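Participant: Build me a model:
(one chain, ligands or ions: 1)
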Amino acid sequence: MTPTHPSTPHSEILIIGGGINGLLTAKQFIEAGHQVSILDQSQVGQESSWAGGGILLPLYPWRQDNAITQLVIRSLAIYPELSEDLRESTGIDPEWYACGLLISANPDIEKATNWCKNNNIEFETNCLNRFQDFNVQIENPLWLPQIAQARNPRLIRSLKNHLEKEGVSFFENQSIKELKIQNKKIEAVVTHQYTFRAEQFVLATGAWTDKFLDQFLADFNQHIKIKPMKGQMLLFDAEPDTLSHMILAGDRYLIPRRDGKILAGSTVEDMDFNKTPTEEAKQQLTQFALDLFPKLRQFNISHHWAGLRPGTKNGVPYVGLHPEINNLSINAGHFRNGLVMAPASAQLLADLVLNRKPCVNPEPYQIKP
Ligand SMILES: Cc1cc2nc3c(=O)[nH]c(=O)nc-3n(C[C@H](O)[C@H](O)[C@H](O)COP(=O)(O)OP(=O)(O)OC[C@H]3O[C@@H](n4cnc5c(N)ncnc54)[C@H](O)[C@@H]3O)c2cc1C
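Facilitator: Predicted structure coming up:
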């Protein structure tokens, strides 16, 4: 297919949505030798993937669906090299580093340690000495020394920069007006500015996926349920070496960045598409952080923000081919674990679209008719 008009960008694969999932999916297709464009309704990587904490482990993964573990474990093996390659290619360091994660209370310790053993995750239960600076109730504590983090905004910036170098075309601030569909195939995506043509279309629209499907594919059965779930975070302007590892207490956590700044997160709120930070959440998170780690009292809060997680019922994303539209696939709905599942999820999606052997069992993520 060749462009029919200068305002008709053409690529083999058009990815709609440029968060972590869209970007890593693009990387997969580029590495397989395909031409890729990414279209976003706003700026690439400014939504949930920017707002998240970057802990590269689900909170209490042993309590989550096994389908999450499958993607997490595969992704954990990919992250160190991915981060290093991006740093080398772009000079922007995604700041992957294994600072470790301390968990104060694990009533289900046996389940936790079995999960670690089964998945080759190093752990220590004898770790009371690590709680000296914390004010928290301790019950069967757990120290996971290999657990890493990535710094979301830098990871995204580095990925975008790398993909640009590799020839991916980015189209930002593109509001989609129409999907041209014929014989159960997307022929074109029309925005106010362009008509995009491609052989394959990938939806990586995070929390906006249902909205997109309702708006443009309402004639087809809706097989997907993704709900925006607001999450708020705070950033303390702490100095380097104030905190050396991540700590999880209940469902809240602190994450120290390499430059010393400390994140406190997060809320989980069902507020539709409202992502305005609230004073109430700020107070709750501040209280949590200062109670847990009194050393933080000497530092100011420099930022407070919110993002919209793509919420699914049990946190398992949809990764697969659309059952009715022949050239549409979906990689969305990663809820609280989108950063940690993204590398494997992107690989799986590309495997399915390119007819390769799937890297993990694809069944749990399929979009069922
Ligand atoms: C406070 C908070 C803390 C988190 N902490 C962690 C953590 O520690 N670890 C972890 O693994 N995960 C965490 N997450 C979850 C993780 O951030 C998300 O699961 C992940 O970022 C989802 O990525 P995505 O690419 O699917 O969506 P997004 O990053 O939201 O990207 C979707 C993109 O699609 C675009 N888009 C939407 N609709 C359209 C349309 N119609 N046309 C064109 N473009 C469109 C949007 O503009 C956006 O750029 C956290 C999330 C939040 C909010």
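Participant: In contact with the residue in the stretch 1-150 of the chain that the ligand sits nearest to, which residues?
Facilitator: Among all residues of the stretch 1-150 of the chain, Gly19 sits closest to the ligand, at 2.2 Å; criterion: CB to the nearest ligand atom. Where C-beta positions appear, they are placed from N, C-alpha and C, glycine not excepted. By CB atoms under 8 Å, 6 or more residues apart in numbering, the contact list for Gly19 reads 44-45, 47-49, 156, 204, 206, 338.
Participant: surely Lys111 meets Trp62?
Facilitator: Yes: the criterion here is CB atoms under 8 Å, and Lys111 meets it with Trp62 at 4.7 Å.
Participant: who's more crowded, these two?
Facilitator: Higher neighbour count among Lys111 and Trp62: Trp62, with 18 against 13, using other CB atoms under 10 Å.
Participant: Can the helix or strand containing Met233 be said to contact the ligand?
Facilitator: According to DSSP states H and E, Met233 maps onto strand 227-236. Yes: counting by CB under 6 Å from any ligand atom, contacts between strand 227-236 and the ligand involve 231, 233.
Participant: And the next helix or strand past that strand?
Facilitator: Moving toward the C-terminus from strand 227-236, the next helix or strand (DSSP H and E) is strand 246-249.
Participant: Following element in sequence after that next one, please.
Facilitator: Moving toward the C-terminus from strand 246-249, the next helix or strand (DSSP H and E) is strand 252-256.
Participant: what are the pairing partners of that next one, and which direction each?
Facilitator: Strand 252-256 has the following strand partners under DSSP bridges: strand 246-249 (antiparallel), strand 262-265 (antiparallel).
Participant: which element is the closest residue to the ligand within the stretch 201-350 of the chain on?
Facilitator: Residue nearest to the ligand within the stretch 201-350 of the chain: Gly338 (2.0 Å; CB to the nearest ligand atom). For Gly338, the host element (DSSP H and E) is helix 338-353.
Participant: same question, Asp210
Facilitator: If you go by DSSP H and E, Asp210 is part of helix 209-216.
Participant: buried set for that helix?
Facilitator: Within helix 209-216, the residues scored as buried using 16 or more other CB atoms under 10 Å are 209-210, 212-213, 216.
Participant: wait, Tyr365 sits on Gly320?
Facilitator: Yes: contact status for Tyr365 versus Gly320: in contact at 5.6 Å, counting by CB under 8 Å.
Participant: how does this protein divide up, domain by domain?
Facilitator: What automatic domain parsing lists as the domains of the chain is 10-49+156-226+314-365, 97-148+227-311.
Participant: so which of those domains is the most packed in?
Facilitator: domain 10-49+156-226+314-365 (a mean of 20; mean count of other CB atoms under 10 Å).
Participant: so how far is it off the chain centroid?
Facilitator: Averaged C-alpha coordinates place domain 10-49+156-226+314-365 at 13 Å from its chain's average position (CA atoms, centre = their mean, to the nearest Å).
Participant: Span of it from start to end?
Facilitator: 29 Å (CA to CA, to the nearest Å).
Participant: do the same with stretch 124-142
Facilitator: First-to-last residue span, stretch 124-142, CA to CA: 6 Å.
Participant: any residues touching it, and which ones?
Facilitator: Under CB under 8 Å, 6+ apart, the answer for stretch 124-142 is 102-107, 109, 112-113, 123, 143, 145, 243, 245, 247, 249, 291-295.
Participant: How about stretch 203-213?
Facilitator: Outside stretch 203-213, the residues that touch it by CB under 8 Å, 6+ apart are 15-19, 21-22, 25, 41, 47-49, 176, 220, 222, 224-229, 273, 308-311, 318, 328-334, 338.
Participant: Spell out whether it and the ligand are in contact.
Facilitator: Yes: Stretch 203-213 lies within reach of the ligand by CB under 6 Å from any ligand atom, at 204-208, 212.
Participant: Columns pLDDT on top of those residues, output as JSON lines?
Facilitator: Formatted as JSON lines, these follow (pLDDT from 0 to 100):
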{"residue": "Ala204", "pLDDT": "98"}
{"residue": "Thr205", "pLDDT": "98"}
{"residue": "Gly206", "pLDDT": "98"}
{"residue": "Ala207", "pLDDT": "98"}
{"residue": "Trp208", "pLDDT": "98"}
{"residue": "Phe212", "pLDDT": "96"}
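Participant: Which members of the residues you listed are the farthest-apart pair?
Facilitator: Spatially, the most separated pair among the residues of stretch 203-213 next to the ligand is Ala204 and Ala207, at 11.4 Å (CB to CB).
Participant: residue boundaries of the helices in this structure?
Facilitator: For the chain, the helices defined by DSSP state H occupy 20-31, 48-51, 66-90, 109-118, 152-165, 209-216, 279-292, 338-353.
Participant: so what's His322 closest to, chain neighbours aside?
Facilitator: Spatially, and ignoring its direct neighbours in sequence, His322 is nearest to Leu328 (4.1 Å; CB to CB, 6 or more residues apart in numbering).
Participant: Now do the contacts for Arg252.
Facilitator: Shown in contact with Arg252 (CB under 8 Å, 6+ apart): 264-266, 285, 288, 292.
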